[in-house]
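**Q** need a 3D model of the following:
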Amino acid sequence: MHGFLDEATGREHVVLSLGDIADGQPVLGRLHSECLTGDALFSQRCDCGSQLEAALQAIAREGRGVLLYLRQEGRGIGLLNKIRAYELQDGGADTVEANERLGFAADQRDYAICLPMLEHLGVKSLRLMTNNPRKVKALTDMNIVVAERVPLHTGHNPHNRYYLATKAGKLGHMLGNEHQGEVPQA
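**A** Got it, this is the predicted structure:
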C-alpha cells in the first residue's frame with residue numbers, strides 16, 4: 001500500500017499494488033474514485049462497490065496489478081454534495097442533472113495525480129479496467145500508455161438501471177448494449 005498527497009488539492013490517495021508492476025510490461029490496473037456509499041455501505045444505487053471488488057479480484061487472479069484509489073467522492077463533488085444529489089435523484093433528476101442543478105459539471109474528477117503515482121511505482125503501461133472513456137483519454141493525454149481497455153461490467157440491478165443508462169447515454173460510458181438508448185444522448 002502506498003499513500004500519496006495531492007498538494008494541489010490536499011487530497012490523500014492510496015495505491016494498492018500486487019506483484020512486480022515495474023517490469024515494463026502492461027499492468028492490469030484500475031483508477032477507482034472513492035464511493036463511500038457503494039464501496040463501504042454496499043449501496044445498490046451505483047456499480048462502484050461491485051467494480052472495486054471485481055477489479056481487486058482480477059488483480060489477484062493475475063498475480064500482479066495496481067489499483068489507484070482516488071479520493072474523488074461523487075465524481076469529484078464531495079460526499080455532502082453527493083448526498084444532496086441523491087435527494088435530487090429521488091425527486092426524478094438523473095445523476096448528471098442532479099450535479100448540474102447543484103452547480104457542478106457532470107463529472108468534476110481530475111486524474112492529474114495519477115501521473116506521479118504511476119511514475120513513482122515504475123508503471124509505464126496499463127491494461128486499464130474501466131468503462132469510462134475519460135479515464136483512458138486522461139491517461140493517454142499524460143503520455144501513459146493504455147495498452148488495453150478492459151471492460152468492467154458488474155453490479156447491474158433494478159436500483160441502478162437508470163443510473164447506468166445515464167452514464168452510458170450522457171457520459172459516454174461503454175457499458176455494452178444493455179444500457180444504450182435508454183436515455184437521451186447529452
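**Q** centroid-nearest residue for the protein?
**A** In the chain, the centroid-proximal residue (Cα atoms, centre = their mean) is residue 32; its distance is 4.1 Å.
**Q** from what I can see that one touches residue 53, true?
**A** No - shown here, residue 32 and residue 53 do not form a contact pair, counting by Cβ atoms under 8 Å, at 10.4 Å. (Each C-beta comes from the backbone N, C-alpha and C, glycine too.)
**Q** follow-up on the earlier one: what strands flank the host helix or strand of the residue nearest to the centre of the chain, and is each parallel or antiparallel?
**A** Using DSSP states H and E, residue 32 falls within strand 27-33. Within its sheet, strand 27-33 is paired with strand 65-70 (parallel), strand 125-129 (parallel), according to DSSP bridges.
**Q** before we move on, back to that, tell me how far the residue nearest to the centre of the chain lies from residue 109.
**A** For residue 32, the distance to residue 109 equals 11 Å [Cβ to Cβ, to the nearest Å].
**Q** which neighbours do the two have in common?
**A** Common contacts of residue 32 and residue 109, defined by Cβ atoms under 8 Å, 6 or more residues apart in numbering, comprise residue 70.
**Q** could you pull out the strands for the protein?
**A** Remark: strands assigned in the chain by DSSP state E are 2-6, 11-18, 27-33, 65-70, 125-129, 145-150.
**Q** who wins for proximity to residue 79 among the strands paired with strand 27-33?
**A** strand 65-70 (14.0 Å; Cβ to Cβ).
**Q** give me the contacts around the closest one.
**A** With Cβ under 8 Å, 6+ apart, strand 65-70 has contacts from 11, 13-19, 21, 27-34, 52, 55-56, 58-59, 109, 111, 113-114, 117-118, 121, 123, 126.
**Q** for PyMOL, what selects the buried ones among those residues?
**A** Selection of buried members from the contacts of strand 65-70 for PyMOL, criterion 16 or more other Cβ atoms under 10 Å:
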select buried, resi 11+13+14+15+16+17+18+21+27+28+29+30+31+32+33+34+52+55+56+58+59+109+111+113+114+117+118+121+123+126
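**Q** from residue 80, how far out is residue 163?
**A** Counting by Cβ to Cβ - residue 163 and residue 80 are separated by 19 Å.
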